[in-house]
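Novice: What follows is a protein structure lacking sequence information:
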Ligand code: DGJ
């Protein structure tokens with residue numbers, strides 16, 4: 001709810017309040033952001049008190065010696081008026097200076113959300129506050145939009161600059177958000193990484209000066225995700241003050257956190273000013289991307305829940321909003337470029353037998369794409385691989401009983417391609433320099449209309465012809481040369497590229513809402529809210545090693561729900577880490593997301609196939625809870641444990657994944673805490689899982705009735721058809737006992753194996769199902 005009281009603006013969500021006030025000179029002061037205030041609480045009590053002059057400060061009004069912008073918590077700020085912190089703007093004004101003075105002009109409260117003209121935005125908000133600021137010297141306006149999403153405790157902010165003068169101005173920086181929070185000994189948490197090691201959570205103290213979280217690759221990037229947290233020093237998963245920020249944008253982002261000498265912490269977030277320059281002509285306006293913020297005093301899980309609900313409710317749209325996602329088989333890691341129709345149909349038939357629902361044909365089906373040096377851009381079916389064409393092949397897949405999905409990388413081209421030979425001008429390059437390639441490819445110039453039209457036409461016609469129901473949209477290199485012949489001002493390149501991408505996605509997918517789009521960018525190089533407006537799920541990482549995925553999916557879970565994470569079971573040893581992990585652990589990690597398989601099923605043993613069929617059936621039974629349940633990261637005092645829990649909406653079912661990274665000798669007992677359930681009686685049971693005997697090597701002599709060569713033919717043959725069962729525990733107890741923690745059976749420590757010993761070892765895991773007792777239902 002938005003309440004205006006004189007010069008104060010109060011935005012309430014179900015659990016938070018955001019309070020702004022207009023000062024006597026018309027600046028916007030940030031008063032408060034935190035837990036919901038009482039109705040009577042107001043600016044007089046909550047504003048920072050100003051009663052001293054701070055030596056050497058510049059005064060906004062020389063007759064007012066306690067009004068220094070530098071010493072205030074502001075909601076927006078300028079250059080050249082005495083505030084020396086990072087300014088949200090850097091405009092070259094008509095007088096050639098960079099000095100601005102934006103003060104309150106008017107405000108309006110609007111119903112619902114105000115859609116953006118150029119970019120995707122959140123939808124379904126409750127109310128929007130528009131505060132218009134005007135520069136004191138020139139008719140340049142900044143419209144600040146605040147939208148309240150009450151139930152999800154999210155407030156979004158964005159700014160629009162309007163030039164109502166008669167000369168152009170140059171925008172060198174324009175943020176979507178600027179605000180100052182009094183310090184709480186904040187720690188900043190960011191998601192950093194690179195290819196196959198995306199989204200690692202890093203923590204650093206917010207100290208004096210500026211910390212930057214940004215990307216310059218032309219995408220939101222795997223280097224630094226746009227999302228970040230500010231948390232009080234003692235915050236943990238369940239307690240403490242946490243602010244979360246994110247941005248609905250897929251290009252170069254930029255956030256700064258700056259602690260001032262007055263111990264105020266400025267947060268700015270917006271488009272990266274790096275190589276950015278935008279000429280705003282008279283009567284033009286410039287929209288900044290929408291940024292979202294959330295606060296919780298219930299620790300990191302608190303802000304995660306807000307952000308998860310917000311994404312499921314206000315970002316993801318179309319037919320797949322809140323819809324359960326299909327279990328897929330993707331042929332990439334099974335075949336790479338080396339396949340033909342026979343191999344594909346065999347994989348599809350094997351997948352169908354295991355209960356899989358969707359077949360995805362990845363890279364390599366078109367042109368001369370037999371390796372990654374050629375063919376990209378030529379979306380004509382390779383007749384050697386699919387002799388009857390795409391429609392016929394898709395029909396064969398559907399006849400097997402699977403839906404059909406297809407891979408594209410529409411923004412890119414190989415120099416060795418028909419597209420490049422006939423349209424070299426479609427690719428981004430500078431006339432007087434050699435091109436720099438990434439994965440042997442150039443980027444297509446999405447600033448050009450003819451390129452956008454070409455992509456829309458190419459992709460759409462195949463989608464319609466083959467009745468494709470899922471698309472994997474890949475993007476496998478960073479942008480390097482920021483140059484387009486279509487632009488007069490190259491400072492607009494990066495942003496115009498992203499606007500071009502959004503236009504293309506709109507044109508292809510808006511008329512085809514039945515298609516499930518999965519965005520991918522060498523894995524998670526474009527995992528952001530902008531892409532989620534088109535693509536309900538995103539391929540998290542090319543790294544499917546479950547132990548690496550524990551870090552990656554945990555990192556993403558701070559901001560993004562499980563329904564957005566494409567997660568696959570692949571082969572072991574893992575193709576990038578060489579790590580050997582059990583099929584059970586690979587599944588237990590992948591099922592906390594949108595499950596898929598990415599391996600050649602024909603090489604699996606009969607026992608492994610049975611195992612996968614059981615996994616698929618189990619996932620189908622609990623899919624809604626895995627994809628849309630309330631997700632908790634459960635604290636463990638042991639550093640070799642990762643515990644994830646997801647709880648059904650009615651709080652009557654929980655699923656807990658208990659993961660052990662490296663085993664320690666004589667591991668002490670483990671406790672399983674299950675939180676977030678309704679009050680009542682529950683049964684907890686372990687999902688039965690197979691223990692493959694080959695894993696035990698020579699140890700098998702302790703349980704086998706006859707002596708066997710651990711590496712012999714008999715052992716290998718038995719391993720293909722027979723497995724042991726891991727310890728299954730069942731308890732009945734109250735939700736209170738579960739929240740306090742149930743001690744689990746002890747782990748194997750070399751003193752004997754029996755059915756009450758948990759066999760985890762390195763990289764072991766268990767899945768627990770916790771369900772309300774019948775009497776409770
Ligand atoms: C990178 C993706 O992340 C992979 O899953 C696969 O689609 C390859 N590209 C294909 O080139």
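Specialist: Alright, I've got the coordinates. Everything numeric in this text was worked out from a predicted model, so none of it was measured.
Novice: Only C-alpha atoms from now on, for both contacts and neighbour counts.
Specialist: OK.
Novice: Kindly tell me how buried the nearest residue to residue 387 once chain neighbours are set aside is, as a neighbour count.
Specialist: Of all residues not flanking residue 387 in the chain, residue 341 sits nearest, at 7.9 Å (CA to CA, 6 or more residues apart in numbering). Residue 341 has 17 neighbouring residues, counting by other CA atoms under 10 Å.
Novice: again with the one 4 residues further on
Specialist: The criterion is other CA under 10 Å. On that basis, residue 345 has 16 neighbouring residues.
Novice: Residue 717 too?
Specialist: Applying other CA under 10 Å, I find that residue 717 has 12 neighbouring residues.
Novice: Relative to residue 693, how far out is it?
Specialist: Plainly put, residue 717 is 11 Å away from residue 693 if you go by CA to CA, to the nearest Å.
Novice: swap in residue 147?
Specialist: As judged by CA to CA, residue 147 and residue 693 stand 57 Å apart.
Novice: doesn't residue 625 fall inside a helix?
Specialist: Yes - secondary structure of residue 625 (DSSP: H, G, I helix; E, B strand; the rest coil): part of a helix.
Novice: what's near enough to touch the residue in the stretch 401-550 of the chain that the ligand sits nearest to?
Specialist: Residue nearest to the ligand within the stretch 401-550 of the chain (CA to the nearest ligand atom): residue 522, separated by 3.7 Å. Counting by CA atoms under 8 Å, 6 or more residues apart in numbering, residue 522 makes contact with 195, 474-477, 541-542.
Novice: So which of those reach the ligand?
Specialist: Counting by CA under 6 Å from any ligand atom, residue 542 from the contacts of residue 522 sit close to the ligand.
Novice: Can I have the buried ones of the contacts of residue 522 as a ChimeraX selection?
Specialist: In ChimeraX syntax, the buried subset of these is picked out as below (16 or more other CA atoms under 10 Å):
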select :195,474,475,476,477,541,542
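Novice: Assign a three-state SS to residue 575, would you?
Specialist: Using three-state DSSP, the structure places residue 575 in coil.
Novice: Run a quick neighbour tally on it.
Specialist: Using other CA under 10 Å, residue 575 has 14 neighbouring residues.
Novice: Quick check: it vs residue 381, distance?
Specialist: On the measure of CA to CA, residue 575 and residue 381 end up 28 Å apart.
Novice: give me every residue that touches the closest residue to the ligand within the stretch 251-400 of the chain.
Specialist: Using CA to the nearest ligand atom, the closest approach of the stretch 251-400 of the chain to the ligand is made by residue 363 at 4.8 Å. Contacts for residue 363 (CA under 8 Å, 6+ apart) come out as 332, 336-337, 369, 407-408.
Novice: Quick check: the gap between it and residue 73.
Specialist: If you measure residue 363 against residue 73 using CA to CA, the figure is 52 Å.
Novice: Check for me that residue 425 belongs to a helix.
Specialist: Yes - counting by three-state DSSP, residue 425 falls inside a helix.
Novice: List the contacts of the residue nearest to the spatial centre of the chain.
Specialist: Centroid check for the chain by CA atoms, centre = their mean gives residue 527 as the closest residue, at 4.4 Å. The contact partners of residue 527, taken as CA under 8 Å, 6+ apart, are 220-222, 225, 250, 520, 538, 540.
Novice: Show me those that map onto helices.
Specialist: Residues of these located in helices (DSSP state H): none.
Novice: Would you tell me which one of these comes nearest to residue 310?
Specialist: Proximity to residue 310 was ranked across these by CA to CA; first place goes to residue 538, at 16.7 Å.
Novice: since we're on that closest one, how many residues are nearby?
Specialist: 27.
Novice: do residue 700 as well
Specialist: 18.
Novice: Tell me, what's the model's pLDDT at it?
Specialist: Note for residue 700: predicted pLDDT of 84.
Novice: a helix runs through it, doesn't it?
Specialist: Yes - assessed with three-state DSSP, residue 700 lies in a helix.
Novice: hmm, back to that, as JSON lines, the contacts of residue 527 with distance to the ligand would be great.
Specialist: Below are those laid out as JSON lines (distance: CA to the nearest ligand atom, whole Å):
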{"residue": "220", "distance to the ligand": "15"}
{"residue": "221", "distance to the ligand": "13"}
{"residue": "222", "distance to the ligand": "12"}
{"residue": "225", "distance to the ligand": "17"}
{"residue": "250", "distance to the ligand": "17"}
{"residue": "520", "distance to the ligand": "6"}
{"residue": "538", "distance to the ligand": "10"}
{"residue": "540", "distance to the ligand": "9"}
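Novice: hey, where'd the helices end up in the stretch 251-400 of the chain?
Specialist: Secondary structure of the stretch 251-400 of the chain (DSSP state H, counting those that start in this stretch): helices located at 299-310, 332-335, 341-354, 389-400.
Novice: Would you indicate which residues of the second one are buried?
Specialist: Along helix 332-335, the positions that meet the burial threshold by neighbour count (16+ other CA under 10 Å) are 332, 334-335.
Novice: filter the residues you listed by proximity to the ligand?
Specialist: Within those, nothing lies near the ligand by CA under 6 Å from any ligand atom.
Novice: rewinding a little: so between residue 147 and residue 693, which is more surrounded?
Specialist: Ranked by neighbour count (other CA under 10 Å), residue 147 and residue 693 place residue 147 first, with 30 against 20.
Novice: Quick check: closest non-adjacent residue to the more buried one.
Specialist: Taking CA to CA, 6+ apart, and ignoring the residues beside it in sequence, residue 147 has residue 128 as its nearest neighbour in space, at 4.2 Å.
Novice: Ok, residue 421 next?
Specialist: Closest to residue 421 by CA to CA, 6+ apart is residue 415, at 7.3 Å.
Novice: Distance-wise, check that neighbour relative to residue 365.
Specialist: Applying CA to CA to residue 415 and residue 365 gives a distance of 18 Å.
Novice: follow-up on the earlier one: surely the residue nearest to residue 147 is in contact with residue 149?
Specialist: No - with contacts counted by CA atoms under 8 Å, residue 128 stays clear of residue 149, the gap being 9.4 Å.
Novice: Quick check: residue 717 is in a helix.
Specialist: Yes - the assignment for residue 717 by three-state DSSP puts it in a helix.
Novice: Contacts only, for it.
Specialist: Contacts of residue 717 by CA under 8 Å, 6+ apart: none found.
Novice: Tell me the residues on the protein that lie near the ligand, please.
Specialist: Residues of the chain lying close to the ligand (CA under 6 Å from any ligand atom) are 362-363, 520-523, 542.
Novice: what about 8 Å?
Specialist: 332-333, 336, 362-364, 372, 407, 472, 474-476, 520-524, 539, 541-542 (CA under 8 Å from any ligand atom).
Novice: Make sure I have this right: residue 697 is in a helix.
Specialist: Yes - assigned with three-state DSSP, residue 697 falls within a helix.
Novice: Quick check, pLDDT for it.
Specialist: At residue 697, the model reports a pLDDT of 89.
Novice: That one: how many residues sit nearby?
Specialist: 13.
Novice: now residue 65
Specialist: Neighbourhood size, residue 65 [other CA under 10 Å]: 16.
Novice: what kind of secondary structure is the closest residue to it other than its chain neighbours in?
Specialist: In space, residue 65 comes closest to residue 53 once its chain neighbours are excluded; the distance is 5.7 Å by CA to CA, 6+ apart. Of the three states, residue 53 takes coil under three-state DSSP.
Novice: Just the residues contacting stretch 459-466, thanks.
Specialist: Stretch 459-466 is contacted by residues 379, 390-392, 394-395, 408, 410, 468, 508 when judged by CA under 8 Å, 6+ apart.
Novice: Write the PyMOL selection for whichever of the residues you listed are buried.
Specialist: Those of the contacts of stretch 459-466 that count as buried under 16+ other CA under 10 Å are selected in PyMOL with:
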select buried, resi 379+390+391+394+395+408+410+468+508
